[in-house]
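> test case, fold it:
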Amino acid sequence: MLSRKAEDYLEAILNITEKKGYTRVKDITQALDVKPSSVVEMLKRLNSSGHVIYKKYDGVTLTPVGKDVAAVVKDRHDTIKAFLMIIKVPGAIADKDACIIEHELDAKTIEQVKNLVNFVISAPDYPQWLDHFDTFCTTGKHPCEEEKRKKIGSSTETKHF
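Numbers count the residues shown, from 1 in each chain. Next up is the predicted model:
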């Protein structure tokens, strides 16, 4: 079992490689905001465990095992970030929080969050409840409360006639 930190490194390597086509120590230091010595130390460990191929001055590549782990972590991250953004968490915060949450949730929980995200994203029309949620976040009141009061008020008025 890999540590959270090791999973973060694998995910960072995957992301950088997808963007640039290669990954170097400098890229990882920038992506994770860590010192080059820390990156080299982790790369040596990941190399020993068979997750990466690291050669000094040549950069780093994921092995098939490392790529599989990185893909799972990236998928968890992307799923959680998408969910957080659906519930109106700003992008930068959603990204940061997804990094924390992605390591802690059970696989079944991630699966259900992913199902919810895919359901919302693939809805043929923008779900009305998302508009209601946006209104609730802004005003602190559910928009249906006012509609409900109006209906109750009009039915009460109607009964008095």
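
> would you map out the domains in this structure?
Structurally, the chain divides into domains by automatic domain parsing as follows: 1-122, 128-160.

> tell me the most buried of these?
When you average the neighbours per residue for each of those (mean count of other Cβ atoms under 10 Å), domain 1-122 leads with a mean of 16. Glycine gets a C-beta too; all of them are placed from N, C-alpha and C.

> ok now that one, how far from the chain's centre?
For domain 1-122, the gap between its own C-alpha mean and the chain's C-alpha mean amounts to 10 Å (Cα atoms, centre = their mean, to the nearest Å).

> ends of it, how far apart?
Length of domain 1-122, first residue to last, Cα to Cα, to the nearest Å: 34 Å.

> what are the boundaries of the helices in the protein?
Ranges of helices in the chain, per DSSP state H, are 4-20, 25-32, 36-48, 64-86, 91-101, 107-121, 128-139, 143-160.

> how about the CA coordinates for the fifth one, as CSV?
Below are the C-alpha coordinates for helix 91-101, written out as CSV (Å, rounded to 0.1, in the frame of the first residue of the first chain):
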residue,chain,number,x,y,z
GLY,A,91,-12.3,25.8,-8.4
ALA,A,92,-9.0,26.4,-6.6
ILE,A,93,-10.5,25.3,-3.3
ALA,A,94,-12.2,22.3,-4.9
ASP,A,95,-8.9,21.2,-6.4
LYS,A,96,-7.1,21.6,-3.0
ASP,A,97,-9.8,19.8,-1.1
ALA,A,98,-10.0,17.0,-3.6
CYS,A,99,-6.3,16.3,-3.0
ILE,A,100,-7.1,15.8,0.7
ILE,A,101,-10.3,13.8,0.3
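
> packing partners for that helix?
Applying 3 or more Cβ pairs under 8 Å, 6 or more residues apart in numbering; DSSP states H and E, one finds that helix 91-101 contacts helix 64-86.

> report all helices and strands that the helix it packs on contacts.
Applying 3+ Cβ pairs under 8 Å, 6+ apart, we find helix 64-86 packed against helix 4-20, helix 91-101, helix 107-121.

> 10 Å instead, please
helix 4-20, helix 36-48, strand 52-55, strand 59-62, helix 91-101, helix 107-121 (3 or more Cβ pairs under 10 Å, 6 or more residues apart in numbering; DSSP states H and E).

> relative to residue 28, which of these is closest?
Smallest distance to residue 28 across these (Cβ to Cβ): 4.7 Å, for helix 36-48.

> what's the closest one packed up against?
Where contact means 3+ Cβ pairs under 10 Å, 6+ apart, helix 36-48 is packed against helix 4-20, helix 25-32, strand 52-55, strand 59-62, helix 64-86.
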